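Enquirer: Sharing a model prediction with you, sequence too.
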Amino acid sequence: MLSTIIYRSHLCDNVSVEILAGLAADANVRNQLFDVTGILLFNGSHFFQLLEGPEEAVNKIYDNICSDNRHNNLVELMRDYAPERRFGNVGMELFDLSQYAQETVLEAVLKKGTSKYQLTYDDRALQFLCTFVEAREQENYLEIPPADSWSFVADETPEPAIEFSQASMEDYSFAFQPIVDPLTREVISLEAKLCNLEGSSAHNYFSCLSPEKVYQADLDSKKLAFALAGKLGIGRKTLSIKLLPMSLVRVPEAVDFLIEQIKANGLVPEQIVVAVTETEVITQVEEFASAIRKLKASGISLAIDDFGAGSAGLLLLAQIQPEKIIIDRNIISDVHKNGPKQAIVQAIIKCCSSLEISVIAAGVERPEEWMWLEAAGVLNFQGDLFAKPRLNGIPAVAWPETEL
Ligand SMILES: Cc1cc2nc3c(=O)[nH]c(=O)nc-3n(C[C@H](O)[C@H](O)[C@H](O)COP(=O)(O)O)c2cc1C
């Protein structure tokens, strides 16, 4: 199958434009050997390259290009299949946009093309090319410094973890992981995550229960989360707990139970955020909405967790507006080099800003992910980069410190 990859990148400041002709000539020879063709546009600072050919060969060449240190901020814009080549004449041709007048440059680029229909039908690859040639969308080029320009340093020793368990769930407990604002060095909230006594994920907790018991167990487990938070002395900090949305519907008086447990442990409803995961299908929307009304009326805030990974998505957001949205870690991972993920995150940020909903990026593991998200306008983060979850305790936070 004929596959296509398109990316954009930035020529490194310490690399001279003089090398480009030689780079393209070498690329041309290598690509021809692998039956790969394409075009490399350069606008004085940025590259836009389209590679097409047999999938394996295109992937291999692209992998080499990704690790080339003569360019940086490489963002994959498109990976797709096509019936025919758009630039089938040469292995690789360098096209310097600055050599042409603005009115004629697009026509000159398209003249190099070999596809039958060019722009007659909606060909996304050629639309990407037009956008680059016409210098549109440049406000979305969020560029970040190298990963090692920040180091992450935990500057305090955490309080010791506590010994505590609940009779009904001896093999499980909660680990606490902070949600932080790295620029103001503030812990925004602590999330209590259900886990086994080794501190790893608690998948088994639910899988060994019958379907009727899952929701009751989900809710009951929060008793331990609140008790631990009370004992750990979280003060006025916000506490997030994760709940299956249908636990609020299927368990009678679920909200009353939560409020009772919150108060019994010296906490107040206003400091609790209930994060309902979007991955479970909400089948009784009216009953769910009614439970949420009760939750909010008591002072508890609502977050939608795993946003973007589930089945509810934008429709749920249209029906119920939470205080917070936690973007799913699969969207966050490698966001700095993935065009589709960047477009999705930017749309979520814009939508949430219009609705006064705060956005949290979860599962942040790499400095580049944090830098890109911060540049895009996300303020709150959770992930191992800042602090790993700590069983029965609150971990120290590794705050970013600039190396420059
Ligand atoms: C902007 C840019 C575009 C490139 N395009 C190609 C290309 O189309 N084909 C290719 O073989 N190498 C291309 N290269 C060079 C590769 O990154 C790499 O240097 C080359 O494949 C040799 O890799 P190797 O030494 O690991 O074999 C490009 C480099 C840059 C900076």
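Expert: Received the coordinates, thanks. Residues are numbered from 1 along each chain as shown.

Enquirer: How many residues are close by the residue in the stretch 51-200 of the chain that the ligand sits nearest to?
Expert: Residue nearest to the ligand within the stretch 51-200 of the chain: Asp68 (3.3 Å; Cβ to the nearest ligand atom). For the C-beta atoms, the positions are set from N, CA and C on the backbone; glycine is no exception. Residues near Asp68, counting by other Cβ atoms under 10 Å, number 12.

Enquirer: Are we agreed that it is in a strand?
Expert: No - counting by DSSP: H, G, I helix; E, B strand; the rest coil, Asp68 falls outside a strand, being coil.

Enquirer: Can you spell out which helices and strands pack onto the helix or strand in which Leu315 is found?
Expert: If you go by DSSP states H and E, Leu315 is part of helix 313-319. Applying 3 or more Cβ pairs under 8 Å, 6 or more residues apart in numbering; DSSP states H and E, one finds that helix 313-319 contacts strand 301-307.

Enquirer: for the strand it packs on, packing partners?
Expert: For strand 301-307, the packing partners by 3+ Cβ pairs under 8 Å, 6+ apart come out as strand 238-243, strand 272-277, helix 285-297, helix 313-319, strand 324-327.

Enquirer: now the ones you listed as TSV including distance to the ligand?
Expert: As requested, the helices and strands packed on strand 301-307 are exported to TSV (distance: least, Cβ to the nearest ligand atom, whole Å):
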stretch	distance to the ligand
strand 238-243	43
strand 272-277	41
helix 285-297	50
helix 313-319	36
strand 324-327	30
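
Enquirer: Quick check: phi and psi at the closest residue to the ligand within the stretch 301-404 of the chain.
Expert: Nearest to the ligand in the stretch 301-404 of the chain, going by Cβ to the nearest ligand atom, is Lys337, at a distance of 14.4 Å. Backbone torsions for Lys337, taken as degrees, to the nearest 10, come to phi -120, psi 20.

Enquirer: Please shift the residue numbers so they start at 2 in all later answers.
Expert: OK, 2 is where the count begins now, so the last one is Lys338.

Enquirer: Touching, it and Ser68? I think so.
Expert: No - with contact defined as Cβ atoms under 8 Å, Lys338 and Ser68 do not form a contacting pair (11.8 Å).

Enquirer: Show me which of those two is the more surrounded one.
Expert: Legend: neighbour count by other Cβ under 10 Å for Lys338 and Ser68, higher for Lys338 (17 against 7).

Enquirer: contacting residues for Tyr82?
Expert: Taking Cβ atoms under 8 Å, 6 or more residues apart in numbering as the contact definition, Tyr82 lies against Met2, Leu3, Ser4, Thr5.

Enquirer: Any idea how many residues pack against the nearest residue to the second one once chain neighbours are set aside?
Expert: Right, Leu3. Counting by Cβ to Cβ, 6 or more residues apart in numbering, Leu3 lies nearest to Ala83, which is 5.4 Å off, once chain neighbours are set aside. For Ala83, the number of neighbouring residues by other Cβ under 10 Å comes to 15.

Enquirer: how close does Leu220 get to the ligand?
Expert: 54 Å (Cβ to the nearest ligand atom, to the nearest Å).

Enquirer: For the helix or strand harbouring that residue, name the packing helices and strands.
Expert: Using DSSP H and E, Leu220 falls within helix 212-233. For helix 212-233, the packing partners by 3+ Cβ pairs under 8 Å, 6+ apart come out as strand 173-182, strand 187-197, helix 204-208, strand 239-244, helix 248-251, helix 255-265.

Enquirer: for this structure, what helix or strand is lowest in average pLDDT?
Expert: Averaged element by element with mean pLDDT, DSSP states H and E, the chain has its least confident helix or strand at helix 204-208 (a mean of 78).

Enquirer: ok, back up a step: of the contacts of Tyr82, which is the most crowded?
Expert: Scoring the contacts of Tyr82 on neighbours with other Cβ under 10 Å, the highest-scoring entry is Thr5 at 23 neighbours.

Enquirer: what does the model give the closest residue to that residue other than its chain neighbours for pLDDT?
Expert: Nearest residue to Thr5 in three dimensions, chain neighbours excluded: Glu53, at 4.6 Å (Cβ to Cβ, 6+ apart). Note on Glu53: pLDDT of 98.

Enquirer: now Glu53, what's its secondary structure?
Expert: Following three-state DSSP, Glu53 is assigned to strand.

Enquirer: Quick one: neighbours of it, just the number.
Expert: For Glu53, the count of nearby residues is 26 (other Cβ under 10 Å).

Enquirer: Please look at it and Leu3 and confirm they touch.
Expert: Yes - Glu53 is within contact range of Leu3, at 6.2 Å (criterion: Cβ under 8 Å).

Enquirer: Need the overlap of contacts for these two.
Expert: The overlap between the contact sets of Glu53 and Leu3 (Cβ under 8 Å, 6+ apart) consists of Ala83, Arg86.

Enquirer: Close to the ligand: what parts of this protein are there?
Expert: 24, 28, 31-32, 41, 48, 50, 52, 62, 65-66, 69, 71-72, 93 (Cβ under 6 Å from any ligand atom).

Enquirer: Give me the buried subset of these.
Expert: Neighbour-count burial (16 or more other Cβ atoms under 10 Å) applied to those gives Leu24, Ala28, Asn32, Leu41, Phe48, Gln50, Leu52, Ile62, Ile66, His72, Met93.

Enquirer: Give the full set of residues in contact with the last one.
Expert: Remark: with contacts taken as Cβ under 8 Å, 6+ apart, Met93 is in contact with Ala25, Ala28, Asn29, Asn32, Val37, Thr38, Gly39, Ile40, Leu41.

Enquirer: what do you get if the cut-off is 10 Å, keeping everything else the same?
Expert: 24-33, 37-41, 50-52, 62 (Cβ atoms under 10 Å, 6 or more residues apart in numbering).

Enquirer: Same check on the first one?
Expert: For Leu24, the residues meeting the contact criterion (Cβ under 10 Å, 6+ apart) are Val16, Leu41, Asp69, Arg71, His72, Met93, Leu95.

Enquirer: Just the ones of these in strands?
Expert: Judged by DSSP state E, the contacts of Leu24 include Leu41, His72, Leu95 as members of strands.
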